[in-house]
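Enquirer: One predicted model, sequence on top.
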Amino acid sequence: MEMKSLYLWIALSPLIGAVIAGLFGKMVGRSGAHWVTIIGVAVSCLLSLYVFKAIVIDGADGFNGTVYTWLVSEGIHFEVGFLIDKLSVMMMVVVTFVSLMVHIYTVGYMRDDPGYQRFFSYISLFTFSMLILVMSNNFMQLFFGWEAVGLVSYLLIGFWYTRESAIYANLKAFLVNRVGDFGFLLGIAGVLMYFGTLDYATVFANVDKVDGKTMTILGSTPWSVLTVICILLFIGAMGKSAQVPLHVWLPDSMEGPTPISALIHAATMVTAGIFMVARMSPLFEMSETALSVVMVIGAITALFMGFLGLIQNDIKRVIAYSTLSQLGYMTVALGASAYAAGIFHLMTHAFFKALLFLGAGSVIIAMHHVQDIRQMGGLRKYMPITWITFLIGSLALIGTPGFAGFYSKDSIIEAVQLSTLPGHQFAYFAVLAGVLVTALYSFRLYFLVFHGKERMDEHTRAHLHETPWVVTLPLILLAIPSVFIGAYYVGSMAFGNFFGDAIFVLPQHNVLGELAREFHGAWPMAIHAFSTAPFWLALSGVVIAYYLYMVNTALPAKIQARVQFLYTLLDNKYYFDRFNEIFFAGGSRGIGRLLWQTGDAKLIDGMIINGTARTVGWVSGVVRRVQTGYLYHYAFAMILGLMFLLATYVLGWI
């Protein structure tokens with residue numbers, strides 16, 4: 001098979017399944033809908049693995065070419081094309097594998113839902129959209145995939161559209177992402193304006209020609225063109241990858257079914273911004289200002305979103321805030337020019353975070369859709385497979401030496417420590433403190449759900465049992481890479497030349513290159529970790545969580561009473577929602593009312609529409625009096641008119 005055709009099949013297989021399940025769902029039935037979409041994603045996954053083997057393992061050449069030219073306008077080509085290199089093929093494998101696990105899991109989770117076929121259509125379409133995004137070789141196609149994942153996330157978050165909370169959540173996600181996408185679109189416009197093309201390779205090859213150019217935005221202060229473009233592109237990433245202050249939509253996305261929570265938070269959408277910044281590394285490397293902005297925003301997100309996870313009681317929301325925090329770690333890595341470490345953490349996080357979300361879904365099924373962790377406890381003996389896989393995911397998340405998350409997270413922490421960019425000191429403090437916070441909220445969740453006193457009602461306890469194999473099999477398959485994939489790839493991906501030319505780093509920013517000189521293998525790195533601050537901070541978080549929620553269970557309430565102000569601040573999510581409601585949503589409604597009252601009601605309706613009607617009425621009233629019906633009146637008027645015309649002719653007026 002020609003490689004171009006193979007790449008098309010990778011992208012289009014999930015789309016074909018989505019179309020069949022969506023348009024012909026009643027015809028193919030429930031089993032037909034899940035089989036056609038699972039087969040479509042499985043084909044995409046297998047072909048992605050084949051391409052991964054060819055390019056990464058066998059060293060075959062990548063691909064950068066046009067598949068279809070959509071439009072040519074004044075020499076600018078708008079094309080559909082693929083850029084298949086080590087960065088994109090790694091993303092393709094992660095997206096399709098996690099998506100395949102979610103598809104299989106959905107068969108059990110959504111078994112009794114009336115929207116079964118519709119849900120499979122949506123998640124398969126989600127996979128297609130993300131593949132188009134990561135495989136693109138130009139900004140137009142990138143933007144198409146970017147908007148497509150946003151649209152499908154809107155449909156999936158509001159999947160249960162009879163719930164007001166779901167409608168509110170998907171509208172919130174849609175609007176917040178529009179804010180980010182406005183900046184993203186301006187950034188793409190800046191690329192087109194100064195580079196004259198939307199093709200990645202051409203843009204990256206001409207960075208030196210644009211470097212040093214300035215523009216004026218407000219006033220006469222010059223701004224670096226590349227700085228402005230990079231910050232605008234990053235605003236788009238802040239929306240998709242939920243960075244402060246455009247993070248507010250992500251926790252509310254939990255209103256969608258659990259499988260889509262796993263798909264959005266682990267392998268698609270939220271990782272799109274991280275991937276995009278890494279792909280644009282030749283641009284970002286030319287602006288230390290943009291890199292510092294990225295690093296500081298990521299550091300704020302990593303630490304302060306982790307704090308919010310400490311007080312959540314909904315099992316899915318705890319994991320959602322964990323996702324926010326981990327996305328902050330990835331963003332910090334990008335800002336420190338440790339792009340490879342950020343993408344490495346993206347990969348490991350995709351596996352263990354999908355595992356945690358699907359594990360949470362397994363608990364929710366067993367608990368008859370109770371999601372409050374205060375009504376759980378002691379589930380270990382009822383759900384052994386979910387318990388052990390959830391423990392593996394939690395250990396990977398907190399960076400336990402030997403687990404996948406350890407290698408990627410510690411690589412980021414060490415890279416930030418070596419950075420010299422402005423803001424790196426704060427970023428290092430944030431990611432280091434975040435280790436303690438992550439361990440604390442992760443094992444608070446773990447202990448309250450699987451250990452200690454059983455707090456569920458008798459009816460629920462009587463029916464507790466392990467979930468079916470379609471639910472537990474994906475947990476097992478995701479647990480395996482959550483343990484081993486970090487050790488296998490840390491040498492090549494974080495400290496080696498795994499990504500090749502796909503990622504560009506200036507020599508003065510190459511912090512991972514400095515770390516590589518001290519890297520002696522995966523196991524020496526794991527052994528050395530026992531003497532480092534991140535390990536002891538993580539261990540302290542686990543010990544504190546065990547003491548607070550297993551030993552002295554009355555202490556958390558006492559602490560809360562002592563720091564009620566702080567608890568209220570966290571419970572209100574730093575008042576971001578209140579601020580947006582008052583100033584943005586409220587302000588928009590106020591402007592709308594003002595425009596309606598002055599513009600629509602008074603100007604348009606009052607003066608233009610009603611005023612025109614009144615004027616016509618008045619004129620017609622005057623004219624109506626002229627129309628008397630007497631012939632001699634009309635003859636007299638004709639004589640007057642004729643005399644006026646003769647006078648104007650004689651006097652020379654015409």
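Expert: Cool, got the structure. Residues are numbered from 1 along each chain as shown.

Enquirer: What number of residues are in the vicinity of the closest residue to I385 other than its chain neighbours?
Expert: Spatially, and ignoring its direct neighbours in sequence, I385 is nearest to T472 (4.6 Å; CB to CB, 6 or more residues apart in numbering). For glycine as for every other residue, the C-beta is placed from the backbone atoms N, C-alpha and C. Around T472 there are 21 other residues, counting by other CB atoms under 10 Å.

Enquirer: Same check on the one 10 residues further on?
Expert: Neighbours of S482 under the rule other CB under 10 Å: 29.

Enquirer: T553 now?
Expert: If we define neighbours as other CB under 10 Å, then T553 has 13 of them.

Enquirer: The one 4 residues further on now?
Expert: A557 has 9 neighbours, counted by other CB under 10 Å.

Enquirer: how about the helices of the stretch 151-300 of the chain, start to end?
Expert: When secondary structure is read from DSSP state H, counting those that start in this stretch, the stretch 151-300 of the chain shows helices at 164-195, 200-205, 207-210, 225-240, 249-252, 258-262, 270-279, 281-284, 288-309.

Enquirer: Check the secondary structure at G65 for me.
Expert: In three-state terms, and counting by DSSP: H, G, I helix; E, B strand; the rest coil, G65 is strand.

Enquirer: Name the nearest residue to I476, ignoring sequence neighbours.
Expert: Going by CB to CB, 6+ apart, I476 has T389 as its nearest residue, at 6.4 Å.

Enquirer: most packed of the helices of the stretch 151-300 of the chain?
Expert: Among the helices of the stretch 151-300 of the chain, helix 258-262 has the highest mean neighbour count (mean count of other CB atoms under 10 Å), at a mean of 29.

Enquirer: I'd like the distance from the one helix or strand I388 maps to to the chain centre, please.
Expert: Using DSSP states H and E, I388 falls within helix 384-397. A distance of 24 Å separates the centroid of the chain from that of helix 384-397, by CA atoms, centre = their mean, to the nearest Å.

Enquirer: swap in stretch 94-103?
Expert: On CA atoms, centre = their mean, the centre of stretch 94-103 falls 16 Å from that of its chain.

Enquirer: again with stretch 498-512
Expert: For stretch 498-512, the distance to the chain centre is 25 Å (CA atoms, centre = their mean).

Enquirer: mind listing what's buried in it?
Expert: For stretch 498-512, burial by neighbour count (16 or more other CB atoms under 10 Å) applies to 498-499, 502-505, 509, 511-512.

Enquirer: before we move on, back to that, quick one: neighbours of the residue nearest to I476, just the number.
Expert: Residues near T389, counting by other CB under 10 Å, number 26.

Enquirer: now do M638
Expert: Applying other CB under 10 Å, I find that M638 has 10 neighbouring residues.

Enquirer: how about the closest residue to V277 other than its chain neighbours, what does it touch?
Expert: Leaving out its chain neighbours, the residue that sits closest to V277 by CB to CB, 6+ apart is L334, at 4.8 Å. If you count contacts by CB atoms under 8 Å, 6 or more residues apart in numbering, L334 has them with 274, 277-278, 284, 291, 294-295, 298, 342.

Enquirer: quick check, nearest of the residues you listed to E74?
Expert: E74 has its nearest neighbour among the contacts of L334 in F284, at 28.6 Å by CB to CB.

Enquirer: where's S588 relative to G617, distance?
Expert: From S588 across to G617, the span is 38 Å (CB to CB, to the nearest Å).

Enquirer: no no, L358
Expert: For L358, the distance to G617 (CB to CB) stands at 70 Å.

Enquirer: Of those two, give the one with the bigger neighbour count.
Expert: Set L358 next to G617 and count neighbours by other CB under 10 Å: L358 wins out with 33 against 9.

Enquirer: name the element the more buried one belongs to?
Expert: L358 belongs to helix 339-366, assigned by DSSP H and E.

Enquirer: which residues does S224 bridge with?
Expert: T214 (DSSP bridges).

Enquirer: quick one: it and V210 touch, right?
Expert: No. Contact criterion CB atoms under 8 Å: S224 and V210 do not qualify, at 9.5 Å.

Enquirer: returning to what we had before: what helices and strands are in contact with the helix holding L358?
Expert: If you count contacts as 3 or more CB pairs under 8 Å, 6 or more residues apart in numbering; DSSP states H and E, helix 339-366 packs onto helix 86-109, helix 258-262, helix 270-279, helix 315-335, helix 384-397, helix 404-418, helix 469-489.

Enquirer: could I get the ones you listed as TSV with distance to L142 and mean pLDDT?
Expert: Formatted as TSV, those follow (distance: least, CB to CB, whole Å; pLDDT from 0 to 100):
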stretch	distance to L142	mean pLDDT
helix 86-109	11	92
helix 258-262	23	81
helix 270-279	7	93
helix 315-335	17	94
helix 384-397	30	95
helix 404-418	25	94
helix 469-489	26	93
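
Enquirer: G196: which of those helices is closest?
Expert: Going by CB to CB, the one of the helices and strands packed on helix 339-366 nearest G196 is helix 270-279, 19.7 Å.

Enquirer: Show me the contact partners of that closest one.
Expert: The contact list for helix 270-279, computed with CB under 8 Å, 6+ apart, reads 87, 91, 130, 133-134, 142, 145-146, 149, 200, 233-234, 236-243, 250, 264, 284, 294, 323, 327, 330-331, 334, 339, 342-343, 346, 350, 502-503.

Enquirer: what's the answer for stretch 191-204, then?
Expert: Residues from elsewhere that reach stretch 191-204 (CB under 8 Å, 6+ apart): 64, 75-79, 81, 83, 137-140, 188, 206, 210, 213, 225, 229, 279, 282-283, 504.
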